[in-house]
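[1] Mind folding the following:
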Amino acid sequence: MENSDTLLRDLKNRRKLIKASITRIENFVADPINLGSSPEMFAARRDRLTNIFKEYEEVQLNILSYDDKDVEDVGIIEDRYFNVMSKITSILKKLTQTDSMCTNVSNSKLPNIEIPSYDGRDFTKFKPFIDLFLAVIHNNSSLSDVQKLFYLRKSLTHDALSVIENLPLVNQSYKEALELLNKRFDNEARLISNHINIILELPCMQKGTAAAIRSFISGVQQQMYALKNLGQPVQHWDMLLISILTKKLDQYTNRAFQLDRDPNTLPTMVDFISFLERRAMALEDSGDKSSTITSNKSPTAHNKVSNIATTSNKSNKLCLFCQGTGHAIHGCPRFKLAALEDRLRATIRFCTKIIVLMRIMRNL
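    Here you go, the predicted structure:
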């Protein structure tokens with residue numbers, strides 16, 4: 001009798017341990033953090049859960065053979081088992097699909113990236129060159145250092161190649177080659193000075209056309225972004241830059257900017273670039289075209305009257321300010337952006353033509 005009680009107690013203790021193991025696996029599967037685990041981790045727990053449940057069934061049968069009044073609800077354990085198994089199966093399916101997609105992407109043929117050569121003459125081009133080289137060649141773990149050195153030498157010409165040309169083609173030379181190139185060309189002070197000089201040496205705008213203004217904006221912004229990436233406080237250089245850049249504008253664009261800005265506040269580079277963008281857009285919308293009328297014969301007085309009358313009647317088609325077609329002078333974008341004295345001069349010229357026309361018509 002004592003042996004039976006001892007065996008029954010041992011079996012029930014064993015059942016508690018099995019149920020605790022099922023609970024641990026159940027908690028592992030339910031924890032979102034573990035969803036990033038490898039498929040092997042979930043497969044191992046699936047196999048472990050299968051073995052544990054078989055052992056649970058055997059232990060439960062032995063307990064019932066000694067105590068047929070045992071109150072254990074086997075149905076609850078079965079439901080937990082099947083619930084956890086279904087979750088593991090679902091997770092394994094998703095992880096397998098993800099691995100398959102990653103494998104397909106990694107095995108797909110991507111277009112070859114060609115590294116442009118660097119000759120060492122323009123210091124501003126070294127950083128883009130070396131960053132691309134490091135990404136494509138240096139970080140390629142399948143290449144040895146001597147192979148990387150070979151590709152590096154192949155990508156250099158002229159002054160840049162002469163820096164590392166005499167290094168022996170061995171593994172140890174690769175790191176030395178990178179150090180020599182960085183020491184020679186990755187000079188931050190020289191890079192900053194170079195970008196500033198490009199701004200100072202921007203060509204003056206001869207004509208304030210839309211294309212010229214957009215080219216000017218592009219040149220300025222490229223150098224400003226480069227200086228900002230080099231850690232320079234370009235956001236505090238507004239008045240300095242504006243003073244330099246306005247001298248490079250044509251007189252009409254410069255005058256229009258001075259009239260457009262608020263004289264009571266200091267202009268910023270954002271305001272300056274925004275003005276140039278608006279002016280370029282207005283010139284593009286107006287067509288920025290000029291038309292001339294030539295004649296081989298000297299016009300008579302009657303012809304002059306006819307020309308003036310025609311111009312007046314078709315003022316909605318020919319602009320007397322920019323000589324463009326498709327709009328009248330009051331709708332001319334260039335007229336609106338012009339300086340006040342230019343607009344007054346154009347208005348007087350237009351009114352004078354009307355007065356002359358009226359006098360001629362009165363004398364006919």
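[2] Which strand or helix spans the residue nearest to L340 when sequence neighbours are not counted?
    Residue nearest to L340 in three dimensions, not counting chain neighbours: L259, with 6.8 Å by CB to CB, 6 or more residues apart in numbering. All C-beta atoms are positioned from the backbone trio N, CA, C, and that covers glycine. In the assignment (DSSP states H and E), L259 maps to helix 251-260.
[3] quick one: average pLDDT of that helix?
    What helix 251-260 shows for mean pLDDT is 86.
[4] buried sites along that helix?
    252-257 (16 or more other CB atoms under 10 Å).
[5] Farthest pair within those?
    Y252 and F257 (9.8 Å; CB to CB).
[6] Pass me the low-pLDDT residue ranges in the stretch 101-250 of the chain, would you?
    101-113 (pLDDT under 70).
[7] Mind jotting down where the helices sit in it?
    126-133, 145-154, 158-164, 173-185, 188-200, 210-229, 238-246 (DSSP state H, counting those that start in this stretch).
[8] Could you export those helices as CSV, including mean neighbour count?
    Formatted as CSV, these follow (neighbours: other CB atoms under 10 Å):
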stretch, mean neighbour count
helix 126-133, 17
helix 145-154, 17
helix 158-164, 16
helix 173-185, 16
helix 188-200, 14
helix 210-229, 16
helix 238-246, 15
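[9] would you turn those helices into CSV with distance to S90?
    Formatted as CSV, the helices of the stretch 101-250 of the chain follow (distance: least, CB to CB, whole Å):
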stretch, distance to S90
helix 126-133, 43
helix 145-154, 45
helix 158-164, 56
helix 173-185, 48
helix 188-200, 54
helix 210-229, 47
helix 238-246, 59
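[10] what's the closest of those helices to E40?
    E40 sits nearest to helix 145-154 of all the helices of the stretch 101-250 of the chain, at 34.3 Å, using CB to CB.
[11] of all the helices of the stretch 101-250 of the chain, which lies closest to K54?
    Comparing the helices of the stretch 101-250 of the chain by CB to CB, helix 145-154 comes nearest, at 55.4 Å.
[12] In stretch 59-77, which residues are buried?
    Quick answer for stretch 59-77 (16+ other CB under 10 Å): 59-60, 62-63, 72, 77.
[13] And for stretch 332-347?
    Buried, per 16+ other CB under 10 Å, within stretch 332-347: 332-335, 337-338, 342-343, 346.
[14] pLDDT on that stretch, on average?
    For stretch 332-347, mean pLDDT is 75.
[15] how long is that stretch end to end?
    End-to-end distance of stretch 332-347: 13 Å, with CA to CA, to the nearest Å as the criterion.
[16] rewinding a little: which stretch among the helices of the stretch 101-250 of the chain comes nearest R359?
    helix 210-229 (39.6 Å).
[17] how far away is the spatially most central residue of the chain from I217?
    Centroid-nearest residue in the chain: Y225, 13.0 Å away (criterion: CA atoms, centre = their mean). According to CB to CB, to the nearest Å, Y225 stands 12 Å off from I217.
[18] Which parts of the protein are strands?
    Here the chain has no strands by DSSP state E.
[19] Domains in it, by residue range?
    2-107, 123-186, 191-286, 301-363 (automatic domain parsing).
[20] and those domains as TSV, adding distance to E114?
    Listed next are the domains of the chain as TSV, based on distance: least, CB to CB, whole Å:
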stretch	distance to E114
domain 2-107	21
domain 123-186	9
domain 191-286	23
domain 301-363	44
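[21] Quick check: which of the ones you listed is nearest to S117?
    domain 123-186 (5.2 Å).
[22] Quick one: distance of that closest one to the chain centre.
    27 Å (CA atoms, centre = their mean, to the nearest Å).
[23] Quick one: end-to-end length of it, please.
    Note: domain 123-186 ends 7 Å apart using CA to CA.
[24] Hmm, R45 is touching F28, no?
    Yes: R45 lies in contact with F28 (CB atoms under 8 Å); the separation is 6.3 Å.
[25] The two - which one has more neighbours?
    With other CB atoms under 10 Å as the criterion, R45 and F28 differ in neighbour count, and R45 comes out ahead with 20 against 16.
[26] With adjacent residues omitted, what lies nearest to I137?
    Per CB to CB, 6+ apart, closest to I137 is Y151, 4.9 Å.
[27] residues contacting that neighbour?
    115, 133, 137, 143 (CB atoms under 8 Å, 6 or more residues apart in numbering).
[28] Could you export those as TSV, including distance to I244?
    Converted to TSV, the contacts of Y151 look like this (distance: CB to CB, whole Å):
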residue	distance to I244
I115	36
F133	35
I137	40
L143	47
